[in-house]
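Visitor: Here you go, sequence then predicted model.
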Amino acid sequence: MSEWLQCIGCERRFDASEIRYTCDCGELLSVERDAMPDRAIFDSRLASRKTIDRSGVWRFREAVLNVEENEIVTHPEGSTRLYERGWGVGSGEWEKTPETSSHSPRPTPHSPFPILFKHEGENPTGSFKDRGMTVAMTQAKRLGARAVACASTGNTSASLAAYAAQAGLRAIVFIPAGKVATGKLAQTLAYGATALHIRGDFDAAMQLVREASGRLGIYLVNSINPFRIEGQKTIVWELLQDLEWNAPDWIVVPAGNLGNTSAFGKALCEAFDAGWITKMPRLASIQAAGANPFYRSYVEAFAQRHRIAAETIASAIRIGDPVSHRKAVSAIQLTNGVVEQVTDDELMRAKREIDEMGIGCEPASATTLAGVKKLRAAGVMRDSERIVCVLTGHLLKDTDAIMRNVPPQRTIEIDATMDAVERALA
Ligand code: F0G
């Protein structure tokens, strides 16, 4: 089975062993292959104890990366849970349709179907990034890289640091100074990475790391690297497998740098073309309203690409110039998908609901439920439809956001007396 890199614009092909992230024409590259296996092989591995079969990425290896088994750098990752909850569980009642939606309002519905959450925060470093990182790091080692780098809002950097430690490579991360959640930064440093705190935003860090990796010969593992996308496709394939290959109606994903939206679109097209599924789910890609360049483009039928100065409480997706814009446009178009935006208030309310379902996630992940509420209220998502939200990061990734949002009656300091206990709980 052969694999190659292909320009998404002019379709020029390059050898898969070439270190390059864009075509000479400036467009992004994708990994393409000439054959896909039967899905039965993936199911047969579910009972295996072998490490690469237990990995939710490498279980799908024939469709991810053509590599010798002993070259794979894996923790292992993936094999995350799919949670089912009734609507309105947790503190949530359906809110009125907010004004920030481009979709017209309708009375709030009740569905006979539960909502599903695929929790990618259950990966080894607490986010979905491990799925792309295992593939990019495996490729880095094969190509003989000595150092790896990324720009990051915190999760990619933590994942890079862990996998680089395992692979024995030097790890360098470019992060927006003062804009990364403490847990993520601590994790990145603990695994042994060198952190360059860039005085600028994520987009500035991204630009700088692209230039630096070219100039200094460091392997770049942001999602501009097409091998990252190959790993992230498995989020979708694993959730389809979780559902015994009965595709849901909707898959909902937070959108920042647009790597996941791109990967999900590629995963769905490949699964459909290979006959693994017979129905194409629709993608819903959700942005924070203060970091919404993709949404702005969507409402103009993608007539132009927007670059903005981004601001949102969901620091993971505080991104104004997403690198995978063009791939993500195709993902939305090919899946008859939609893009929605949610305010910080809406996403933090949804986060509290997800937390109070006993599931929990970081703020960026909660854009999914907030987006679903708006899209259901607007009638875009219907009561009869099955919806899977992908939660991208663990609750403990951003504890500051939780502590700022805890209802005051839930945390009470008292004297060490029984009297005080009784008074506090009365
Ligand atoms: N959710 C979380 C928890 C993230 O960390 C990110 C991106 C996203 C969603 C958005 O995914 O970029 O593929 O659209 N975090 C990157 C990072 C930017 O550096 O950790 P995307």
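Guide: Yep, it's here. Numbering: from 1, shown residues only.

Visitor: Contact partners for the nearest residue to Tyr191 once chain neighbours are set aside?
Guide: If the residues on either side of it in the chain are set aside, Tyr191 comes closest to Ala161, at 3.5 Å by Cβ to Cβ, 6 or more residues apart in numbering. Just so you know, the C-beta spots here come from the backbone N, C-alpha and C atoms, and that holds for glycine as well. Residues touching Ala161, when contacts are defined by Cβ atoms under 8 Å, 6 or more residues apart in numbering, comprise 171, 173, 187-193.

Visitor: quick one: secondary structure of Ala161?
Guide: The three-state label for Ala161, taken from DSSP: H, G, I helix; E, B strand; the rest coil, comes out as helix.

Visitor: rewinding a little: now the buried members of the contacts of Ala161.
Guide: Among these, those buried by neighbour count (16 or more other Cβ atoms under 10 Å) are 171, 173, 187-188, 191, 193.

Visitor: Among those residues, which lie within helices?
Guide: Among the buried ones among the contacts of Ala161, the residues falling in helices (DSSP state H) are 187-188.

Visitor: Quick one: the helices in the stretch 101-250 of the chain, in order.
Guide: Along the stretch 101-250 of the chain, the segments classed as helices by DSSP state H, counting those that start in this stretch run 129-142, 155-167, 182-190, 202-216, 226-242.

Visitor: deepest of those, which one?
Guide: Among those, the stretch with the highest mean neighbour count (mean count of other Cβ atoms under 10 Å) is helix 129-142, at a mean of 29.

Visitor: Dump the C-alpha coordinates for that helix into CSV.
Guide: These are the backbone C-alpha positions of helix 129-142, laid out as CSV (Å, rounded to 0.1, in the frame of the first residue of the first chain):
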residue,chain,number,x,y,z
LYS,A,129,-3.9,16.2,20.7
ASP,A,130,-2.4,12.8,21.6
ARG,A,131,-4.1,11.2,18.6
GLY,A,132,-2.3,13.4,16.1
MET,A,133,0.9,13.6,18.1
THR,A,134,1.5,9.9,18.2
VAL,A,135,1.5,9.9,14.4
ALA,A,136,3.5,13.1,13.9
MET,A,137,6.1,11.9,16.5
THR,A,138,6.4,8.5,14.8
GLN,A,139,7.0,10.3,11.5
ALA,A,140,9.5,12.7,13.2
LYS,A,141,11.6,9.7,14.4
ARG,A,142,11.4,8.0,11.0
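
Visitor: Now it: average pLDDT?
Guide: Computed over helix 129-142, the mean pLDDT rounds to 98.

Visitor: Remind me what it packs against, helices and strands.
Guide: Under the contact criterion of 3 or more Cβ pairs under 8 Å, 6 or more residues apart in numbering; DSSP states H and E, helix 129-142 touches strand 147-151, helix 155-167, helix 226-242.

Visitor: now do 6 Å
Guide: If contacts are counted by 3 or more Cβ pairs under 6 Å, 6 or more residues apart in numbering; DSSP states H and E, helix 129-142 sits against helix 155-167, helix 226-242.

Visitor: Many thanks, we can stop here.
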